[in-house]
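Participant: Let's see this in three dimensions:
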Amino acid sequence: MFESLSDRLGGVFDRLTKQGALSEDDVRTAMREVRVALLEADVSLEVARDFVKRVTTKATGAAVTKSITPGQQVIKIVHDELKLVLAGEDGIAPLKIDNPPAPILMVGLQGSGKTTTTGKLAKRLKERDGKRVLMASLDVNRPAAMEQLAILGGQIGVDTLPIVPGQRPVDIAKRAKQQASLGGYDVYMLDTAGRLQIDQVLMDEVAAVHAAVQPRETLLVVDGLTGQVAVEVAQEFDAKVGVTGVVLTRMDGDGRGGAALSMRAVTGKPIRYVGLGEKMDALETFEPDRIAGRILGMGDIVALVEKAQEVMEVEAQERMMKRFQKGLFNMNDLKGQLTQMQKMGGMEGVMGMMPGMGKMAKQMDKAGLDDNVLKRQIALIDSMTKRERAQPALLQASRKKRIAKGAGLEVQELNQLLKMHRQMADMMKKMGKGGMLKKAMAMMGGKGGGMPDPSQMDPAALEAASKQLGSMKGMPGMPGGMTLPKGFGGKK
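Facilitator: Sure thing, here's the model as predicted:
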């Protein structure tokens with residue numbers, strides 16, 4: 001979502017960092033471009049103006065002009081201010097789900113993804129926080145709305161309040177409260193009705209439910225692609241019922257990101273979660289420091305490490321590390337690495353979370369290195385026999401033709417795969433002997449302190465971390481290993 005803004009800001013800061021020293025005119029010129037970039041990203045005029053003013057004041061101070069790396073100092077200031085805009089002065093507090101059963105009221109306009117988000121959040125609270133959750137639909141207007149929530153509940157293993165035809169929203173809310181108390185639930189979530197636009201009937205209905213259950217949290221679900229309209233909707237709901245947090249949906253879309261950058265500053269309400277897809281686990285907590293880092297091209301190594309930990313079982317990781325330390329790396333190992341990359345969001349998703357790799361991801365796309373390459377490479381490995389996967393040295397001309405034909409591909413692509421395998425196998429031997437492999441695996445496994453958060457580093461530390469990642473280049477499944485060896489396929 002922030003791709004265009006990141007590109008614009010990247011161009012501005014590239015010019016700043018190339019200069020040995022910065023004058024006030026240099027900073028002011030750069031900040032004018034930053035202001036234009038923010039406005040083009042649909043950030044509200046007031047927020048953009050205040051942001052640029054604060055950055056300019058700090059960036060023209062003596063501490064920056066006397067710095068050894070003034071350009072990087074300016075980037076650090078912009079990062080900190082972006083984080084402040086996204087999080088506010090007080091930061092983002094966790095959900096108030098104490099004193100069970102804690103009611104959570106979900107509000108918003110029709111079409112914003114409110115019912116789906118209710119299911120996603122219920123699943124998250126159940127699986128990550130260990131809470132017993134009850135969901136109830138209060139939408140008596142939209143056809144099959146109650147049935148939709150019941151079906152979602154069955155899919156994610158969360159209980160839903162039995163449907164009683166003819167009941168009004170307030171009565172359903174009271175019944176949900178009683179059921180949650182009697183059933184020993186920690187949280188009960190109320191999915192209210194929406195409208196195509198804000199009207200008095202909608203607000204009266206939500207206000208009546210609010211008064212009946214006194215929710216611990218009132219979460220407003222808004223479509224992130226609607227831009228500043230989302231901010232206006234948040235202001236309206238807050239004025240009528242008192243919103244405690246916002247969930248932005250469709251943040252994986254091609255919107256310009258202005259709603260996320262303006263929401264906290266304009267409404268004073270924190271963005272709690274962001275929806276990043278249709279799947280029921282595609283809901284993440286909103287992390288201002290990480291978002292700021294990604295906007296400025298610093299990547300999000302923390303998220304990358306977390307994804308690796310999610311898709312990789314500890315026992316499998318330890319077995320793999322023992323094999324790699326012995327210099328063992330066959331086609332089964334390579335397939336495991338390619339499959340892991342797919343689960344972590346493919347090449348584009350992984351590259352987008354690595355510091356300074358945004359531009360490289362685009363170069364890869366232009367060169368034809370898309371995620372279809374991963375599928376084709378896996379297809380080639382699947383066409384091999386067990387013995388061939390275990391002993392790639394057996395693959396001579398006749399076997400190559402059979403394997404390529406079985407995968408529906410050319411022998412040339414198989415040769416590229418074999419070349420990549422040899423490069424990786426050689427690298428495993430070198431890294432295993434030097435102890436570097438163990439350190440890299442510990443970083444991905446969360447051992448030994450894990451990977452530092454780039455948003456908390458000063459520019460010099462960030463640059464050092466990037467060099468360290470670069471030293472792992474070519475390592476499959478590792479942050480720096482997402483840059484693939486020369487000859488790694490292309491579009492057919």
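Participant: Please count neighbours and contacts with C-alpha atoms only from this point.
Facilitator: Will do.
Participant: other SSEs contacting the helix or strand where N415 lies?
Facilitator: Remark: N415 resides in helix 411-434, with elements defined by DSSP states H and E. Helices and strands touching helix 411-434, by 3 or more C-alpha pairs under 8 Å, 6 or more residues apart in numbering; DSSP states H and E, are helix 314-325, helix 371-382, helix 397-407, helix 436-445.
Participant: Can you give me the domain assignment for this protein?
Facilitator: If you go by automatic domain parsing, the domain ranges for the chain are 3-87, 102-295, 301-482.
Participant: Check the ones you listed for me: which has the lowest mean pLDDT.
Facilitator: Among the domains of the chain, domain 301-482 carries the lowest mean pLDDT, at a mean of 65.
Participant: can you pull out the helices in the stretch 101-250 of the chain?
Facilitator: Counting by DSSP state H, counting those that start in this stretch, the segments of the stretch 101-250 of the chain that form helices are 114-129, 145-156, 169-182, 200-213, 228-241.
Participant: Show me what the shortest one is packed against.
Facilitator: Put plainly, it is helix 145-156. Packing partners of helix 145-156 (3+ C-alpha pairs under 8 Å, 6+ apart): helix 114-129, strand 133-137, strand 159-160.
Participant: what's the last one in contact with?
Facilitator: The reference is to strand 159-160. Applying C-alpha atoms under 8 Å, 6 or more residues apart in numbering, the contact partners of strand 159-160 are V133, L134, M135, A136, L149, A150, G153.
Participant: can I get the CA coordinates of whichever strand or helix holds I291 in PDB?
Facilitator: Assessed by DSSP H and E, I291 sits inside helix 288-295. Taking Å, rounded to 0.1, in the frame of the first residue of the first chain, the C-alpha atoms of helix 288-295 are listed here in PDB:
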ATOM      1  CA  PRO A 288       4.000   2.000  13.900                       C
ATOM      2  CA  ASP A 289       7.700   1.600  14.000                       C
ATOM      3  CA  ARG A 290       7.700  -1.200  11.500                       C
ATOM      4  CA  ILE A 291       5.400   0.600   9.100                       C
ATOM      5  CA  ALA A 292       7.600   3.700   9.300                       C
ATOM      6  CA  GLY A 293      10.600   1.500   8.600                       C
ATOM      7  CA  ARG A 294       9.000   0.000   5.600                       C
ATOM      8  CA  ILE A 295       7.900   3.400   4.200                       C
END
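Participant: Can you spell out which helices and strands pack onto that helix?
Facilitator: helix 3-18, helix 70-87.
Participant: Counting by contacts, list what the longest one packs against.
Facilitator: The elements that helix 70-87 packs onto, with contact taken as 3+ C-alpha pairs under 8 Å, 6+ apart, are helix 3-18, helix 45-59, helix 62-65, helix 258-267, helix 288-295, helix 459-470.
Participant: Let's have the contacts of strand 159-160 in a markdown table, adding neighbour count and distance to F237.
Facilitator: A markdown table is the format used below for those (neighbours: other C-alpha atoms under 10 Å; distance: C-alpha to C-alpha, whole Å):
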| residue | neighbour count | distance to F237 |
| --- | --- | --- |
| V133 | 25 | 25 |
| L134 | 25 | 24 |
| M135 | 26 | 22 |
| A136 | 26 | 21 |
| L149 | 23 | 23 |
| A150 | 21 | 26 |
| G153 | 23 | 27 |
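Participant: possible to save those as JSON lines with distance to L334?
Facilitator: Conversion of the contacts of strand 159-160 to JSON lines gives the following (distance: C-alpha to C-alpha, whole Å):
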{"residue": "V133", "distance to L334": "41"}
{"residue": "L134", "distance to L334": "43"}
{"residue": "M135", "distance to L334": "43"}
{"residue": "A136", "distance to L334": "46"}
{"residue": "L149", "distance to L334": "41"}
{"residue": "A150", "distance to L334": "42"}
{"residue": "G153", "distance to L334": "38"}
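Participant: Looking at the residues you listed, which is nearest L9?
Facilitator: Nearest to L9, judged by C-alpha to C-alpha, of the contacts of strand 159-160 is L149 at 41.7 Å.
Participant: Just the CA atoms of stretch 158-167, as CSV, please.
Facilitator: Provided in CSV are the C-alpha atoms of stretch 158-167 (Å, rounded to 0.1, in the frame of the first residue of the first chain):
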residue,chain,number,x,y,z
VAL,A,158,-15.2,-20.1,17.8
ASP,A,159,-18.7,-20.4,19.4
THR,A,160,-21.5,-18.2,18.0
LEU,A,161,-24.8,-17.1,19.7
PRO,A,162,-27.7,-19.2,18.5
ILE,A,163,-29.9,-17.3,16.1
VAL,A,164,-33.4,-16.4,17.4
PRO,A,165,-35.5,-14.9,14.5
GLY,A,166,-37.3,-11.7,15.2
GLN,A,167,-35.1,-10.4,18.0
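Participant: For that stretch, buried residues please.
Facilitator: For stretch 158-167, the neighbour count (16 or more other C-alpha atoms under 10 Å) marks V158, D159, T160, L161, P162 as buried.
Participant: Please identify the buried residues of stretch 105-118?
Facilitator: Within stretch 105-118, the residues scored as buried using 16+ other C-alpha under 10 Å are 105-110, 112-118.
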